[in-house]
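Visitor: Need the 3D shape of this:
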Amino acid sequence: MKKQIKQKERITTDMTFAKVLEKYPESAEIFFKHGMMCVGCPFAMQETIEQGAKVHGISTKKLIEELNKKLKKKK
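Guide: Numbers count the residues shown, from 1 in each chain. This next block holds a predicted model:
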């Protein structure tokens, strides 16, 4: 029986807002901080974090770092 390696949980740029908010509800705090009201946005189902960051003029790299930092603190 093969031993499975547990991958680190990470939020990535290609994840949709809906997926991130569903899996990590605490991420809403970070989105709100940046003026991204993704919880009620109809685009959240399809739009990726990268797409949303670009539309809002936010650094994708910094947003992802902040989201993952929040996720890491949760653990």
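
Visitor: the longest helix in this structure is where?
Guide: helix 60-74 (DSSP state H).

Visitor: Contacts made by it with the rest, please.
Guide: 9-13, 20, 24, 26-27, 29-30, 34, 49-50, 53-54 (Cβ atoms under 8 Å, 6 or more residues apart in numbering). Using the backbone N, CA and C atoms, a C-beta is placed for each residue, glycine as well.

Visitor: go with 6 Å
Guide: Residues outside helix 60-74 that contact it (Cβ atoms under 6 Å, 6 or more residues apart in numbering): R10, I11, T13, Y24, S27, I30, E50, A53.

Visitor: which one of the residues you listed has the most neighbours?
Guide: S27 (24 neighbours; other Cβ atoms under 10 Å).

Visitor: Please verify my assumption that E50 contacts T13.
Guide: Yes. Between E50 and T13 there is a contact under Cβ atoms under 6 Å: 3.9 Å.

Visitor: Can you pull out the low-pLDDT segments for this protein?
Guide: 1-8, 75 (pLDDT under 70).

Visitor: Thanks again, I'm all set now.
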